[in-house]
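Enquirer: Here is my input, please return the structure:
(chains A and B)
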Number of protein chains: 2
Amino acid sequence: MAIAVDAMGGDSPLTVQIEAALKAISELGTEVVLVGAEDRIKEILKKKSYDKNKLRIVNSTEIVEMDDSPATALRQKKNSSIKVAIDLLATGEADAVVSAGNTGAAMATAKLVLKSVEGIERPAIATLMPSIHRNHPFVLLDIGANTDCKPLYLFQFALMGDAYARTLLHLDNPRVALLNNGEEEGKGYLQLKETFDLLKQSTLNFSGNIEGKSMFKDIVDVVVCDGFIGNIALKVAEGTFDFVRSVLREEVENTLLAKIGYQAMRGPFSALRKRADYSEVGGAPLLGVNGIVIICHGSSRAHTIRNAIKHAQECAEQKLNEKISLEVSENLDVINQAKSMAEKT
Amino acid sequence: MAIAVDAMGGDSPLTVQIEAALKAISELGTEVVLVGAEDRIKEILKKKSYDKNKLRIVNSTEIVEMDDSPATALRQKKNSSIKVAIDLLATGEADAVVSAGNTGAAMATAKLVLKSVEGIERPAIATLMPSIHRNHPFVLLDIGANTDCKPLYLFQFALMGDAYARTLLHLDNPRVALLNNGEEEGKGYLQLKETFDLLKQSTLNFSGNIEGKSMFKDIVDVVVCDGFIGNIALKVAEGTFDFVRSVLREEVENTLLAKIGYQAMRGPFSALRKRADYSEVGGAPLLGVNGIVIICHGSSRAHTIRNAIKHAQECAEQKLNEKISLEVSENLDVINQAKSMAEKT
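Expert: Down below sits the predicted model:
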């Protein structure tokens, strides 16, 4: 089992990725393939000590910049670190890829090279979100891969989110819900109503619609929405946390008593931060391509990328994509119904 | 200036509404028309002392239940408190309506009886949201009136949100933004791109796209989105606050030090709660109908409804709808362009 790490992607190319790779090797015993400018990687590694049997370097000559369009990346940078890393996955030389580089480029390259899992039309990006239960986050998808979604796609996201929750959260029968503007059946726009009907007929443990307010309450395990809504939900939650932090900091300055209280509450605040920030778990998987691809924030630190390597390894070891394929095969009737629905419109 | 209050709407009909009306009369000097079961209202008022010149009662014989469909309310309950209240507005016997009853029914009745402001296709519900600036909330709309929106509608929401921000927040030139999944021009689905183009050509102080994470940062005054997205954004923010509260409460229980710190921080926590909860400002206006209609949560207490009466009075006194009409007339070219765009699709 070897995890390919895109060493050139992200805000700090070569530094955090190499540090993360060495952490994964020493702390997790993972085999890592560093993909990037070989000479520069070797130069940095000279000063480090690590188990040389567990680290391989594969050279790449180009870099996809954070603001390159996916089209530019695909057409003009065919020897980029992300392309070479995904090629390694396609040829079986690596079992998963981790990248903190340009998300659009990673997604487009993965779709082009790896192709979709059979029965899946559109790959989606999933993330873990916190719930009030300490050890029980939920899966939110899609958070950005697909802006506009037919019921067929949303239904397939539900299957993939379910497989991911079974894999990573070790749940036997995840509760799957549809993010909507009310809990009653019939809520939302037409595509959501049609998706609701598909989910009712599926093998999934479908618990109906869920509102944005309730999803943190540990009553669902997988929340399905299109990539636009998912982005809004994720970002509004982040913005709200920032708002709370900012207002409390300001208010605390008003009295000495509050300042002392703030110090005394450092433990709970630190726990809250940890419980809220699941991006620290280590990246977000691109579900539905033939291979495990984990995408990290460009600003990720070594610790997060090390966690993403672990995350990638778990998904690969536990054969996440076989689980997705199984779910697809168990729900072929519903998928076919959704397809004929899509053809009519 | 008289404000009609739907005395039968909400979770606690007749009690909180009457208490709120008496507060508004004594604290604000407002004239109030209580609309509902006259005998029962008189019975309750017997025990109260108040300025009788400022309170009028108008009888209604039916009640729209919280789970009645708008169609049921319109067709089968023509003498409901909300219908009678809105009729008073239409005939000029009241200058605004406040209701904590069934939102869908209030909206449908207002649209049917009052009609839309000329040049406005779809009325929208707006709400104030907190920003990190203590005295500077922003306006978010639509938060639920329209699930699916053409660029024409979104553009009109922007005009109405702008007029509302000028009226209630007393801003000279509100910064108007479009809620999107990225800040760059060209982000989002087709309707948003088209709305972006319309906004660029308008008289509004358009500041481009804004992400869900940034909208709390006091860099915009009006955030425009369709009613589905607005509902998700509002509810996710509420859910995140609940999550923070719940986790902190749990974590504080772990150590005595933290418990003491929590007590010492009561001031900042209470300030945070106040700064976060703009629903306490008193309801959300239904913008774009010929008349001021303020909608409150069914669970609103007397204090909130009293604030909603004040809110309604301010909007009426400052002639919010004239401001909306002015904005429409200043942007007729853009509206016509949006209409011809809509006809093509």
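Enquirer: Show me the helices in the stretch 151-300 of chain A, by range?
Expert: For the stretch 151-300 of chain A, the helices defined by DSSP state H, counting those that start in this stretch occupy A:151-168, A:190-201, A:227-252, A:256-264, A:266-276.
Enquirer: what's the most buried one of those?
Expert: Ranked by mean neighbour count, the helices of the stretch 151-300 of chain A are led by helix A:151-168 with a mean of 26 (mean count of other CB atoms under 10 Å in any protein chain shown). The C-beta positions use only the backbone N, C-alpha and C, and glycine is treated the same way.
Enquirer: angle of that one against helix A:227-252?
Expert: If you take axes from the mean of the first three to the mean of the last three CA atoms, to 10 degrees, helix A:151-168 sits at 60 degrees to helix A:227-252.
Enquirer: Please work out how many residues are found near the residue lying closest to residue A:136 once chain neighbours are set aside.
Expert: Setting aside the residues directly before and after it, residue A:136 is nearest to residue A:218 in space (CB to CB, 6 or more residues apart in numbering or on different chains), at 5.6 Å. The tally of other residues near residue A:218 (other CB atoms under 10 Å in any protein chain shown) stands at 17.
Enquirer: per the record, what domains does chain A have?
Expert: A:2-114, A:124-278+A:324-344 (automatic domain parsing).
Enquirer: Need these in TSV (columns: mean pLDDT).
Expert: Formatted as TSV, those follow (pLDDT from 0 to 100):
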stretch	mean pLDDT
domain A:2-114	95
domain A:124-278+A:324-344	93
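Enquirer: Need the ones you listed in CSV (columns: distance to residue B:245).
Expert: CSV is the format used below for the domains of chain A (distance: least, CB to CB, whole Å):
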stretch, distance to residue B:245
domain A:2-114, 32
domain A:124-278+A:324-344, 9
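Enquirer: re the thing from before, give the contact list for the residue nearest to residue A:136.
Expert: For residue A:218, the contact set (CB atoms under 8 Å, 6 or more residues apart in numbering or on different chains) comprises A:131, A:132, A:133, A:136, A:138.
Enquirer: again, only using 10 Å
Expert: When the contact criterion is CB atoms under 10 Å, 6 or more residues apart in numbering or on different chains, the partners of residue A:218 are A:130, A:131, A:132, A:133, A:134, A:136, A:137, A:138, A:175, B:246.
Enquirer: Which of these fall in helices?
Expert: With DSSP state H as the criterion, helices contain residue B:246 from among the contacts of residue A:218.
Enquirer: Quick check on the contacts of residue A:218: which are buried?
Expert: Buried members of these, counted by 16 or more other CB atoms under 10 Å in any protein chain shown: A:130, A:131, A:132, A:137, A:138, A:175, B:246.
Enquirer: can you pull the contacts of the fourth one?
Expert: Going back to what we said before, that points to residue A:137. A:127-131, A:165, A:168-169, A:216, A:218, A:221, A:275, A:278, A:281.
Enquirer: now the spatially closest residue to it that is not a sequence neighbour, which residues is it bridged with?
Expert: Nearest-residue entry for residue A:137: residue A:128, 4.2 Å, with adjacent residues in sequence omitted and distances by CB to CB, 6+ apart. Under DSSP bridges, the beta-bridge partners of residue A:128 are residue A:139.
Enquirer: confidence score at residue A:279?
Expert: What the model reports for residue A:279 is a pLDDT of 62.
Enquirer: what about the spatially closest residue to residue A:234 that is not a sequence neighbour, neighbour count?
Expert: Using CB to CB, 6+ apart and skipping the chain neighbours, the partner closest in space to residue A:234 is residue A:143 (5.2 Å). Each residue near residue A:143 was counted by other CB under 10 Å, and the total is 23.
Enquirer: just how off-centre is stretch A:215-235 within its chain?
Expert: Mean-position distance between stretch A:215-235 and its chain equals 13 Å (CA atoms, centre = their mean, to the nearest Å).
Enquirer: mind saving the C-alpha coords of that stretch as CSV?
Expert: C-alpha atoms of stretch A:215-235 as CSV (Å, rounded to 0.1, in the frame of the first residue of the first chain):
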residue,chain,number,x,y,z
MET,A,215,-28.1,18.6,10.9
PHE,A,216,-25.7,19.2,13.7
LYS,A,217,-27.9,17.4,16.2
ASP,A,218,-26.6,13.8,15.7
ILE,A,219,-29.8,12.7,14.0
VAL,A,220,-28.3,12.0,10.6
ASP,A,221,-25.0,10.5,9.3
VAL,A,222,-25.1,11.5,5.7
VAL,A,223,-26.5,14.8,4.4
VAL,A,224,-26.9,15.1,0.6
CYS,A,225,-27.1,18.3,-1.4
ASP,A,226,-25.8,19.8,-4.6
GLY,A,227,-22.3,21.3,-4.7
PHE,A,228,-23.5,24.8,-4.6
ILE,A,229,-25.7,24.4,-1.5
GLY,A,230,-23.0,22.3,0.1
ASN,A,231,-20.5,25.1,-0.4
ILE,A,232,-22.9,27.6,1.1
ALA,A,233,-23.7,25.4,4.1
LEU,A,234,-20.0,24.6,4.8
LYS,A,235,-19.0,28.3,4.4
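Enquirer: that older thread, residue A:238 is in contact with the residue nearest to residue A:234, correct?
Expert: No. The pair residue A:143 and residue A:238 does not pass the contact test of CB atoms under 10 Å, sitting 11.3 Å apart.
Enquirer: ok so, going back, what's the farthest-apart pair in the buried ones among the contacts of residue A:218?
Expert: Pairwise distances across the buried ones among the contacts of residue A:218 (CB to CB) peak at 19.2 Å, for the pair A:175 and B:246.
Enquirer: where along chain A do the strands fall?
Expert: Using DSSP state E, the strands of chain A run over residues A:2-6, A:31-36, A:55-59, A:96-99, A:124-129, A:138-141, A:175-179, A:205-210, A:222-224, A:284-287, A:292-295.
Enquirer: Deepest in the core, which of the ones you listed is it.
Expert: Among the strands of chain A, strand A:96-99 has the highest mean neighbour count (mean count of other CB under 10 Å), at a mean of 32.
Enquirer: Can you give the distance of that strand from its chain's centre?
Expert: When distances are taken as CA atoms, centre = their mean, strand A:96-99 is centred 11 Å away from the chain's centroid.
Enquirer: what's the answer for stretch A:159-176, then?
Expert: Using CA atoms, centre = their mean, the offset of stretch A:159-176 from its chain centre is 14 Å.
Enquirer: Wait, residue A:259 touches residue A:252, no?
Expert: Yes. Contact criterion CB under 10 Å: residue A:259 and residue A:252 qualify, at 5.8 Å.
Enquirer: Which residues are in contact with each of these two?
Expert: Shared contacts of residue A:259 and residue A:252 (CB under 10 Å, 6+ apart): B:264, B:265, B:268.
Enquirer: restrict those to contacts with chain A.
Expert: Residues of the shared contacts of residue A:259 and residue A:252 in contact with chain A (CB under 10 Å from any CB of the partner chain): B:264, B:265, B:268.
Enquirer: As a markdown table, those with distance to residue A:79 would be great.
Expert: Output for these, formatted as a markdown table (distance: CB to CB, whole Å):
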| residue | distance to residue A:79 |
| --- | --- |
| B:264 | 59 |
| B:265 | 55 |
| B:268 | 54 |
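Enquirer: Which of those residues sits closest to chain A?
Expert: Set against chain A, the nearest of these by CB to the nearest CB is residue B:264 (2.8 Å).
Enquirer: Quick check: closest non-adjacent residue to that closest one.
Expert: In space, and not counting its chain neighbours, residue B:264 is closest to residue A:261: 2.8 Å by CB to CB, 6+ apart.
Enquirer: again, but for residue A:59
Expert: Spatial nearest neighbour of residue A:59, chain neighbours left out: residue A:38 (3.8 Å); criterion: CB to CB, 6+ apart.
Enquirer: quick one: that neighbour and residue A:44 touch, right?
Expert: No. Checked against CB under 10 Å, the pair residue A:38 and residue A:44 is beyond contact range at 11.0 Å.
Enquirer: So for those two, which residues contact both of them?
Expert: Common contact partners of residue A:38 and residue A:44 (CB under 10 Å, 6+ apart): residue A:7.
Enquirer: Quick one: name the residues of the stretch 51-200 of chain A near chain B.
Expert: A:67, A:129-132, A:134, A:143-144, A:147-148, A:179-182, A:184, A:187-192.
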